[in-house]
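Asks: A predicted structure for the sequence below; I have some questions about it.
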Amino acid sequence: MRQRFNPHKIRGKKHFPQKRPTVGEAELRAAIAAVEVIKKDQTLAPKQPKIVTGQFNEFPLSQRLLENIQAKGYTTPTPIQEQAIPLILSGRDVIGIASTGTGKTAAFLIPLIEKVLQHTAERVLIIAPTRELALQIKEELKAFSKGLGIHSVLCIGGTSINAQKGELKRYPHFVIGTPGRLKDLLQENALRLSEFGNVVLDEADRMVDIGFIADIKYFISLLPQYRQSLFFSATVPPKVQEILRAFVKNATTVTVKEQEAVENIQQDVVQVEPGEKKIDTLHNLLASAGFEKVIIFGRTKWGIQKLTNELQRRGFRAGAIHGNKNQNQRQRVLQQFKNNEIQVLLATDVASRGLDIPDVSHVINYDMPATMDDYTHRIGRTGRANKKGVALTFVA
């Protein structure tokens, strides 16, 4: 009889036979060490207190907008919101160094909505690296601008470009899109970037990672000289600095450390044997108490779909989002997960940013992430909004 896996007996360190390590084993040692470093940093690093002194009603915002902010349950701004909102309202260019989960989307949406309310001719372009993140921004914009007469269009792949062309003809205040679809619309003369006096580059480092640096430089070349430029990124590697130099002018930098978010996440590794025992270990974890709302990350579209099919065969309520799913399929699965109609969401790294789903209890790295940045963004799907979460990484 198979012994039931006990998640409470997970340990972060394992002893290996003393032999010359293979490449795989060396990578395994490095991966475990990386997770242990993060855990050690959480324990030993001095905690910087949050210094948030104001309320949203202390910003010079319209009463109707304040009512929408309150309706979303927002009362006290996060650190990046407290710092960025006044700067954006004053017309300054802003560089925001912050990861997902810090409240950065509201930090630029709220003041930009106010600008549009005060000057209805204002237009805003928001560029995001993935469909999921663009859609998340659109949903937040819809909530903040409810009843304010603000029009917006979402320009992403996987949906009708002709419908987007039709909406662009209405001259919407906000255009939110991914680089690929925005480029298509430009080539078909359905979009003119010279009409936008406010531009946001969100998750700029991710756009560089997935190969959009040339497109971003092209977009910047088409923007009007006089504009407000808002730049948000978790990190600023050299290629991102190239974009920065061309994009912002006399910008004020606002930095929010990821440490605060990571402190809410209990991180550990699960040592498993390859083959069938890996799926058995995952099965037993998902059947354990507390694994109520779980995101599982894997490397490939094929692997994630195969794992989803197997979990469904074993009776789990599971769904997948990856590049082989069309946008409607991805959105349907995401909505099912948000509504607790399914317990498990499986995804490739295309979804490691842009997923803002409340009450995710666990993130499981079924396949090892390629980089520590990918690891950080994956686990950031849990432990959000000052709630606790657990991140487990499978190693074999």
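Replies: Yes, it's here.
Asks: How about residue 153: what's its closest non-neighbour residue?
Replies: Closest residue in space to residue 153, ignoring its immediate chain neighbours: residue 167 at 4.1 Å, by CB to CB, 6 or more residues apart in numbering. C-betas here are computed from N, CA, C, even on glycine.
Asks: Break this structure into its domains for me.
Replies: The chain resolves into domains spanning 23-46+260-395, 56-256 when parsed by automatic domain parsing.
Asks: which residues of the stretch 201-350 of the chain fall in strands?
Replies: Listed in chain order, the strands of the stretch 201-350 of the chain (DSSP state E, counting those that start in this stretch) span 228-233, 252-255, 265-271, 294-297, 318-321, 344-347.
Asks: Quick check: the gap between the residue nearest to residue 153 and residue 161.
Replies: According to CB to CB, to the nearest Å, residue 167 stands 11 Å off from residue 161.
Asks: Likewise for residue 329?
Replies: Relative to residue 161, residue 329 is positioned 18 Å away (CB to CB).
Asks: for residue 382, same thing?
Replies: Using CB to CB, residue 382 is found at 35 Å from residue 161.
Asks: Compare the two and say which is more crowded by neighbours.
Replies: residue 382 (26 against 15; other CB atoms under 10 Å).
Asks: so who does the more buried one touch?
Replies: Listed by CB atoms under 8 Å, 6 or more residues apart in numbering, the contact set of residue 382 reads 265, 295, 360-363, 389-391.
Asks: which two in those residues are spaced the farthest apart?
Replies: The span of these, defined through CB to CB, is set by 265 and 295 at 12.5 Å.
Asks: Residue 363 looks like it's in a strand, true?
Replies: Yes. According to DSSP: H, G, I helix; E, B strand; the rest coil, residue 363 belongs to a strand.
Asks: picking that back up, for the residue nearest to residue 153, phi and psi?
Replies: When read as degrees, to the nearest 10, the backbone of residue 167 gives phi -70, psi -30.
Asks: Next one, pLDDT for it please.
Replies: pLDDT, residue 167: 96.
Asks: same thing with residue 260?
Replies: So, for residue 260, pLDDT stands at 51.
Asks: how far away is the closest residue to residue 72 other than its chain neighbours from residue 356?
Replies: In space, not counting the residues next to it along the chain, residue 72 is nearest to residue 143; the distance is 5.5 Å by CB to CB, 6+ apart. Here the distance between residue 143 and residue 356 works out to 12 Å (CB to CB).
Asks: same thing with residue 86?
Replies: Taking CB to CB as the measure, residue 86 falls 24 Å from residue 356.
Asks: Check residue 198 too.
Replies: Distance, residue 198 to residue 356, by CB to CB: 22 Å.
Asks: for residue 317, same thing?
Replies: The spacing between residue 317 and residue 356, counted by CB to CB, is 21 Å.
Asks: Check residue 326 too.
Replies: 22 Å.
Asks: For these two, indicate the residue with more neighbours.
Replies: A count of neighbours by other CB under 10 Å puts residue 356 above the other of residue 326 and residue 356, at 20 against 12.
Asks: Test my guess that the more buried one contacts residue 384.
Replies: Yes. Applying CB atoms under 8 Å, one finds residue 356 in contact with residue 384, separated by 7.3 Å.
Asks: Give me the neighbour count for the residue nearest to residue 153.
Replies: Residue 167: 17 neighbours (other CB under 10 Å).
Asks: can you pull out the helices in the stretch 101-250 of the chain?
Replies: Here the stretch 101-250 of the chain has its helices, by DSSP state H, counting those that start in this stretch, at 104-118, 131-144, 161-168, 179-187, 204-209, 213-222, 238-247.
Asks: and the shortest one, what does it pack onto?
Replies: Right, helix 204-209. Under the contact definition 3 or more CB pairs under 8 Å, 6 or more residues apart in numbering; DSSP states H and E, helix 204-209 sits against helix 213-222, strand 228-233, helix 238-247.
Asks: tell me the mean pLDDT over the first one?
Replies: Across helix 213-222, pLDDT averages out at 94.
Asks: buried ones in it?
Replies: Across helix 213-222, burial judged by 16 or more other CB atoms under 10 Å covers 213, 215-216, 219.
Asks: now the last one
Replies: Neighbour-count burial for helix 238-247, with 16+ other CB under 10 Å as criterion, is recorded at 240, 243-244, 247.
Asks: If we ignore the residues flanking it in sequence, what's nearest residue 84?
Replies: Using CB to CB, 6+ apart and skipping the chain neighbours, the partner closest in space to residue 84 is residue 107 (4.2 Å).
Asks: typo on my end, it should be residue 56
Replies: Leaving aside its sequence neighbours, residue 56 sits nearest to residue 69 (CB to CB, 6+ apart; 5.1 Å).
Asks: measure the residue nearest to residue 183 when sequence neighbours are not counted to residue 193 for me?
Replies: Counting by CB to CB, 6+ apart, residue 183 lies nearest to residue 215, which is 5.6 Å off, once chain neighbours are set aside. Here residue 215 is placed at a distance of 12 Å from residue 193 (CB to CB).
Asks: before we move on, what about residue 376?
Replies: For residue 376, the distance to residue 193 equals 32 Å [CB to CB].
Asks: before we move on, what about residue 278?
Replies: Plainly put, residue 278 is 48 Å away from residue 193 if you go by CB to CB.
Asks: hang on, residue 236 packs against residue 97?
Replies: Yes. Counting by CB under 8 Å, residue 236 touches residue 97, with 6.6 Å between them.
Asks: Looking at these two, which one has more neighbours?
Replies: Between residue 236 and residue 97, residue 97 has the larger neighbour count (other CB under 10 Å), namely 20 against 16.
Asks: ok, what's across the strand from that one?
Replies: With beta bridges defined as DSSP bridges, residue 97 has these partners: residue 233, residue 255.
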